[in-house]
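K.L.:
Sharing a sequence plus its predicted fold:
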Amino acid sequence: MKRKLIASTILALLAAPQFAAAGTWNITKTAWSDADERNYSAFVKTLGESGCNSVNRCLQSPANPYRGTDPKGANFWADCGRFPVLLRAYFASKNGLPFSIASGVAAYGESSRALQYSPKGNIVTSRKSIIQKSESQPIDGYAAVTLLTRSVFSAMYRYNAELDQAGGSFYDLYPAKIDRASIRPGTVIYDANGHVAVVYKVENDGRIRFFDSHPDQSVTRSVFGEKFARSNPYSGAGFKNFRPLTLTGATKAANGNYIGGKITATPMSQIPGYSLEYFFGSVPNPNKAWKQAKFVVNGQTLPFYDFVRTRLAVGDLKYDPVNEMLNSMDTLCNDLKERVTAVDAAVSNGIHRKSQPYSLPENIYGTTGEWEDFSSPSRDARLKASFLELFTETKRFIDLHRQGSPRVVYNGSNLIADLRENYERAGAACMIHYRRSDGSQVGLSFHHVSARLWNLSFDPYHCPERRWGATDARELATCGDDGNKQAWYAAEQRLRNQIERTYDAKMNFSLDQLKARAPGSGVDAAPNSDLRRFLYEN
């Protein structure tokens, strides 16, 4: 592939009259200090803990100490790939900090149908940097942040983790060491399947809380786990931090602002928190075989997600199976409530009343337009992965307890009975309500959703009853789906059974192709995620 010459864009935006009173992006520092990084973490943590549920509301909420400096009518927009850049650039603009971000990428080594899923990662082909050209040309902070945010997408996070740069310019983020100093509020989590999230809190028990945004501008929260699949170093998945930036060659003006210069990044090898252990393990791996990586703590080899929790926990991590189950159920309950909002958005926009398209999008997990805005295949796959993780982890803790593992702490007399009792109580307490086609409300408990989990439709053209997996004739009585949509719903079952998000696969199947089980159209059987049944059978 012929590589394009790097084109570095300098943003020297004149402050528009309507925004002038709201302030400009005055570059008063040549580098991000440790104090700036701590303050950025505090900024992200406060927003994350605020409970804000949309991008705009997050930055307009009392949790944002800078909201009063924004122009009247400011509107902030970001999907998952843009959300980390919005937060970072916004903070930089309010604190006089230099900023630069890759604004264009190309597939590394070969062409790729979709840059978000290039097999060997991407190279940087263009960059946008905040540089003030002269004292008479102030930078409009709001306009600059908006332009920077809209210049990026999730492909900018996909790069070979072993490289400092490729294509003529440095990569913006570096792979972070898995410890409490490096994994902190503001750390980015990149899922090679095409999703990006931002850490806002690390609990004392090592649990990582993150928030993320979506095409509908909703902001949701969850906990790091198996929904973020480990992958090879070429895709650069995992935990990333923004690289330290330095403005060099600038001149300090009389007003204290820095004029001109060039932004450079600290080499990854010189960053204390840089590490490739996410890919190659915590012990020597001379062959760099990422699938054979070992994760060891105090001489004990642990599963990867267990390793992360253990590394980030304060003190010696012990698992209480009942508390672990309840914490996971609480996170899932929140995920279900957020799915209500997503499905309601499709209903409010009347998508379910439109005709079923002749075929699915080229890829149901990564596309554009109406499907991208109102479907939920990626969200549902992550939800199902979390339900499955609840099942497998609870079962694992039961096995560890029976084996007398010192890592499990339980002071009761009957673990299965206690798990069963707490599961029933927490499951009944978690209630969601969705709006049917006629506007009436249906209440579903955690137990109901768990039982119909693999029937939840991700297809926005289906009635909300099927979006929520209804099979009972009474619940479906208000559904207006015609025979064609019913056939599509049945044919999409194999895709609903699939947790793996195959973003690089062509999936523009017709109804007949789905019925014929075309390659890539899903799997025949869903994995067992029925924890309730397991607890009653053991």
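P.N.:
Cool, got the structure. Residues are numbered from 1 along each chain as shown.

K.L.:
Where does pLDDT dip in the stretch 351-500 of the chain?
P.N.:
For the stretch 351-500 of the chain, no stretch has pLDDT under 70.

K.L.:
I meant to write the chain there.
P.N.:
Across the chain, residues meeting the criterion (pLDDT under 70) sit at 1-22, 110-113, 503-504.

K.L.:
domain assignment for it?
P.N.:
7-280, 321-537 (automatic domain parsing).

K.L.:
Of those domains, flag the one that's most buried.
P.N.:
domain 7-280 (a mean of 19; mean count of other Cβ atoms under 10 Å). To be clear about C-beta, it is placed using only N, CA and C from the backbone, and glycine gets the same treatment.

K.L.:
re earlier: among the domains of the chain, which comes closest to Ala293?
P.N.:
Ala293 sits nearest to domain 7-280 of all the domains of the chain, at 5.3 Å, using Cβ to Cβ.

K.L.:
The domains of the chain into TSV, with extra columns for distance to Val297?
P.N.:
Below are the domains of the chain laid out as TSV (distance: least, Cβ to Cβ, whole Å):
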stretch	distance to Val297
domain 7-280	10
domain 321-537	10
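
K.L.:
Check the gap between Thr394 and Glu324 for me.
P.N.:
Distance, Thr394 to Glu324, using Cβ to Cβ, to the nearest Å: 7 Å.

K.L.:
quick one, helices of the stretch 151-300 of the chain?
P.N.:
277-280 (DSSP state H, counting those that start in this stretch).

K.L.:
let me redo that: the stretch 351-500 of the chain
P.N.:
369-374, 377-402, 415-429, 446-451, 464-467, 473-476, 483-491, 493-496.

K.L.:
So which elements touch the longest one?
P.N.:
It refers to helix 377-402. With contacts defined as 3 or more Cβ pairs under 8 Å, 6 or more residues apart in numbering; DSSP states H and E, helix 377-402 has these neighbours: helix 321-348, helix 415-429, helix 531-537.

K.L.:
now the angle between helix 415-429 and it, please.
P.N.:
If you take axes from the mean of the first three to the mean of the last three Cα atoms, to 10 degrees, helix 377-402 sits at 150 degrees to helix 415-429.

K.L.:
got the angle between helix 377-402 and helix 321-348?
P.N.:
170 degrees.

K.L.:
which residue packs closest to Lys94, ignoring adjacent ones?
P.N.:
Tyr66 (4.4 Å; Cβ to Cβ, 6 or more residues apart in numbering).

K.L.:
what's the spacing between the residue lying farthest from the centre of the chain and Glu135?
P.N.:
The centre of the chain is farthest from one residue, Ala254, which by Cα atoms, centre = their mean lies 43.2 Å away. According to Cβ to Cβ, Ala254 and Glu135 sit 8 Å apart.

K.L.:
Report all helices and strands that whichever strand or helix holds Tyr142 contacts.
P.N.:
Element membership of Tyr142 [criterion: DSSP states H and E] is helix 141-150. Helices and strands touching helix 141-150, by 3+ Cβ pairs under 8 Å, 6+ apart, are strand 7-11, helix 17-20, helix 83-94, strand 122-130.

K.L.:
one more time with 7 Å
P.N.:
helix 83-94 (3 or more Cβ pairs under 7 Å, 6 or more residues apart in numbering; DSSP states H and E).

K.L.:
Out of the helices of the stretch 351-500 of the chain, the one nearest Gly186 is which?
P.N.:
Comparing those against Gly186 with Cβ to Cβ, the closest turns out to be helix 377-402 (21.7 Å).

K.L.:
Centre of the chain to that closest one, how far?
P.N.:
Here helix 377-402 shows a centroid-to-chain-centroid distance of 18 Å under the convention Cα atoms, centre = their mean, to the nearest Å.

K.L.:
same deal with stretch 365-373?
P.N.:
16 Å.

K.L.:
Show residues contacting that stretch.
P.N.:
With Cβ atoms under 7 Å, 6 or more residues apart in numbering as the test, stretch 365-373 has contacts from Ala114, Gln116, Gly194, Pro215, Asp216, Ile351, Pro361, Pro377, Ser378, Pro460, Arg501, Tyr503.

K.L.:
quick revisit: which among the domains of the chain is found nearest to Asn298?
P.N.:
Asn298 sits nearest to domain 321-537 of all these, at 10.8 Å, using Cβ to Cβ.

K.L.:
how far out from the middle of the chain is the closest one?
P.N.:
For domain 321-537 - counting by Cα atoms, centre = their mean - the centre lies 18 Å from the chain centre.

K.L.:
May I have the distance across it, first residue to last?
P.N.:
For domain 321-537, the separation between the terminal residues is 18 Å (Cα to Cα, to the nearest Å).

K.L.:
Looking at the domains of the chain, which is nearest to Gly299?
P.N.:
Of those, the one closest to Gly299 (Cβ to Cβ) turns out to be domain 321-537, at 13.1 Å.

K.L.:
could you measure the closest residue to Lys318 other than its chain neighbours against Asp399, distance?
P.N.:
In space, Lys318 comes closest to Val409 once its chain neighbours are excluded; the distance is 4.5 Å by Cβ to Cβ, 6+ apart. Per Cβ to Cβ, Val409 is found 15 Å from Asp399.

K.L.:
picking that back up, turn the helices of the stretch 351-500 of the chain into TSV, including distance to Pro244.
P.N.:
Shown next, in TSV, are those (distance: least, Cβ to Cβ, whole Å):
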stretch	distance to Pro244
helix 369-374	34
helix 377-402	32
helix 415-429	44
helix 446-451	44
helix 464-467	45
helix 473-476	55
helix 483-491	51
helix 493-496	43
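
K.L.:
Nearest to Asn53 among the ones you listed would be which one?
P.N.:
helix 377-402 (14.9 Å).

K.L.:
For Ser437, which residues are in contact?
P.N.:
His352, Cys463, Pro464, Glu465, Thr478, Cys479, Gly480.

K.L.:
so the first one touches Tyr461, yeah?
P.N.:
Read that as His352. Yes: assessed by Cβ atoms under 7 Å, His352 is found in contact with Tyr461 at 6.3 Å.

K.L.:
And Arg501, how far from Thr146?
P.N.:
30 Å.

K.L.:
same question, Ser376
P.N.:
Between Ser376 and Thr146 the computed distance is 28 Å (Cβ to Cβ).

K.L.:
ok, now how distant is the residue nearest to Glu389 when sequence neighbours are not counted from Phe304?
P.N.:
Computed as Cβ to Cβ, 6+ apart, the closest residue to Glu389 that is not its neighbour in sequence is Glu226, at 4.6 Å. Per Cβ to Cβ, Glu226 is found 9 Å from Phe304.

K.L.:
Ala155 too?
P.N.:
According to Cβ to Cβ, Ala155 stands 25 Å off from Phe304.

K.L.:
what do you get for Pro244?
P.N.:
The value you get for Pro244 to Phe304, if Cβ to Cβ is used, is 28 Å.

K.L.:
cool, and Leu444?
P.N.:
Leu444 is 33 Å from Phe304, where distance means Cβ to Cβ.
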